[in-house]
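J.: make a model of this:
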Amino acid sequence: MLLVLMVFLLLYNRLMRPPVPRRYTSSKKDHVHGSKNHPEDDIDPEEIGSIPVVICASEERLGGAMATINSVQSNTKASVFFYIITLRDSIKPVRQYIENTKLKKIKYKILEFNPMVLRGKVKPESSRPDLLRPLNFVRFYLPLLAIKHNKIIYLDDDIIVQGDIKELYQIKLEPGHAAAFASDCDLPSSHEMVRSVGMQPASQTTYMGFLDYRKQEVRELGINPTKCSFNPGVFVADIAEWKRQKITKQLEKWMIENFKGNLYSSAMAGGVATPPMLIVFNDKYTTIDPLWHVRHLGWSPDARYAESFLQRAHLLHWNGRFKPWDFPCVHIDRWEKWFIPDPSGRFSLIRP
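T.: You can find the predicted model right below:
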């Protein structure tokens, strides 16, 4: 009887253990999706001395991620190592897309993300379901992934890099800062873009556009609602400092607070992934050159930046509803320059 009880307790503890992102890896040299060894023991020599770029690749947006990777690789002479994060069912399509196109020459590793880690932290909303994709929260869990670098670059999948990624990686983070972002107030052209679609810049450039200041928990933070915000679709992170400050735990705390009290919603400017980062990194981030994050290209199917300005931009971000693989969308030509057709035919562009 005692033996049965002990077995029951062991099974209970295993089943109720909180999930974490899986550290299964898959590199171009290793086609095994799951490794029996600890990832820390599987150090790929190609990772050493390379610029690490983290990007998520969901199957329904796979062409976007591949275009981002192609633009990064094509515009630098530096060695780049891509950590491509996806869900278990998408591992094979991601690998096939890479290995059957010109991207087969890149250095990369595919990492699986376990969405169960989000249980009890994210509630379904209907206004912007795309912002609730599990991979949208990978940026919160960077230290839990099998990444062998203390400093990384994170990029969303609706981005094109026009500059040399080495310049972005070489930014020096200030002491005590775990990340570097581009401030939303540093680029007047972005303000003009927001006005052109009938929105007030404050809704896209300050904390009031992301947090519900009617809630006591938000007011108690003591953050001025007119303070400049930032977009976490592009950032440089110091993983060691991230761990030291327990950034992931802090982000999870605010996810849970929102789950219980609806402190922000996907109906607001940045969905549900941006507000926790705005709270946790308030006054604690290094700023990057705003030309390394020119955004709002996806906010309107009509409003456009001047071509002379886009030529100077190092990075373009189609954040918003109008993605460059869909139609309508602006500045499609700048994105299509880096798009690589899916050899399997599963991902295809929507065009008139």
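J.: run through the chain and note the low-pLDDT ranges.
T.: Low-confidence segments of the chain, defined by pLDDT under 70: 1-43, 125-131, 188-204, 265-271.
J.: how about the strands in it?
T.: All strands of the chain, identified by DSSP state E, fall at 25-27, 51-56, 80-86, 107-112, 151-155, 159-161, 179-181, 234-238, 286-287, 315-317.
J.: out of the ones you listed, deepest packed?
T.: Mean neighbour counts were compared across these using mean count of other C-beta atoms under 10 Å; the top stretch is strand 159-161, at a mean of 27. Quick note: C-beta positions are derived from backbone N, CA and C, even for glycine.
J.: which other residues reach that strand?
T.: Contacts to strand 159-161, defined as C-beta atoms under 8 Å, 6 or more residues apart in numbering, come from residues 67-68, 71-72, 75, 155, 233-234, 314-318, 334-335, 337-338.
J.: filter those down to the buried ones, PyMOL style.
T.: Command for PyMOL that selects the buried part of the contacts of strand 159-161, burial taken from 16 or more other C-beta atoms under 10 Å:
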select buried, resi 67+68+71+72+75+155+233+234+314+315+316+317+318+334+335+338
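J.: list the contacts for the nearest residue to E252 once chain neighbours are set aside?
T.: Spatial nearest neighbour of E252, excluding adjacent residues (C-beta to C-beta, 6 or more residues apart in numbering): K121 at 6.3 Å. Neighbouring residues of K121 by C-beta under 8 Å, 6+ apart: E252, M255, I256, F259.
J.: in ChimeraX, select just the buried ones from those.
T.: For selection in ChimeraX, the members of those meeting the burial criterion (16+ other C-beta under 10 Å) are listed in this command:
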select :252,255
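J.: return the residues in contact with the most centrally placed residue in the chain.
T.: Nearest to the geometric centre of the chain sits D156, at 4.3 Å (C-alpha atoms, centre = their mean). Applying C-beta under 8 Å, 6+ apart, we find D156 in contact with I55, C56, T68, G233, V234, H317, N319.
J.: reformat those as a markdown table; add distance to P93.
T.: Conversion of the contacts of D156 to a markdown table gives the following (distance: C-beta to C-beta, whole Å):
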| residue | distance to P93 |
| --- | --- |
| I55 | 15 |
| C56 | 14 |
| T68 | 16 |
| G233 | 23 |
| V234 | 25 |
| H317 | 24 |
| N319 | 24 |
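J.: and those residues, which is closest to P290?
T.: Sorting those by how near they are to P290, with C-beta to C-beta, puts V234 at the top with 10.6 Å.
J.: contact partners for the closest residue to that closest one other than its chain neighbours?
T.: Among residues not flanking V234 along the chain, H293 sits closest, at 4.5 Å (C-beta to C-beta, 6+ apart). If a contact means C-beta under 8 Å, 6+ apart, then H293 has F181, A182, N231, G233, V234, L315, H317 as its contacts.
J.: surely P290 meets C228?
T.: No - with contact taken as C-beta atoms under 8 Å, P290 and C228 are classed as non-touching, separated by 11.2 Å.
J.: between those two, which one's more packed in?
T.: For P290 versus C228, the count of surrounding residues by other C-beta atoms under 10 Å is larger for P290: 20 against 13.
J.: from V72, how far out is the more buried one?
T.: From P290 over to V72 the distance is 19 Å, taken as C-beta to C-beta, to the nearest Å.
J.: picking that back up, need the strands of the chain in TSV (columns: distance to G298).
T.: Formatted as TSV, the entries for the strands of the chain read as follows, by distance: least, C-beta to C-beta, whole Å:
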stretch	distance to G298
strand 25-27	30
strand 51-56	16
strand 80-86	21
strand 107-112	26
strand 151-155	15
strand 159-161	11
strand 179-181	18
strand 234-238	14
strand 286-287	23
strand 315-317	8
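J.: looking at those, which is nearest to V330?
T.: Once C-beta to C-beta is applied to the strands of the chain, the stretch that comes out nearest is strand 315-317, at 10.5 Å.
J.: quick one: residues in contact with the closest one.
T.: In contact with strand 315-317 (C-beta under 8 Å, 6+ apart) are residues 156, 158-163, 168, 231, 233-234, 291-298, 310, 331, 334-335.
J.: how about 6 Å then?
T.: Outside of strand 315-317, the residues that reach it under the criterion C-beta atoms under 6 Å, 6 or more residues apart in numbering are I159, I160, V161, G233, W292, H293, V294, R295, L297.
J.: so the last one sits right up against N319, yeah?
T.: No - taking contact to mean C-beta atoms under 6 Å, the distance of 7.4 Å between L297 and N319 leaves them out of contact.
J.: for those two, indicate the residue with more neighbours.
T.: Neighbour count, other C-beta under 10 Å: between L297 and N319, L297 has more, with 30 against 23.
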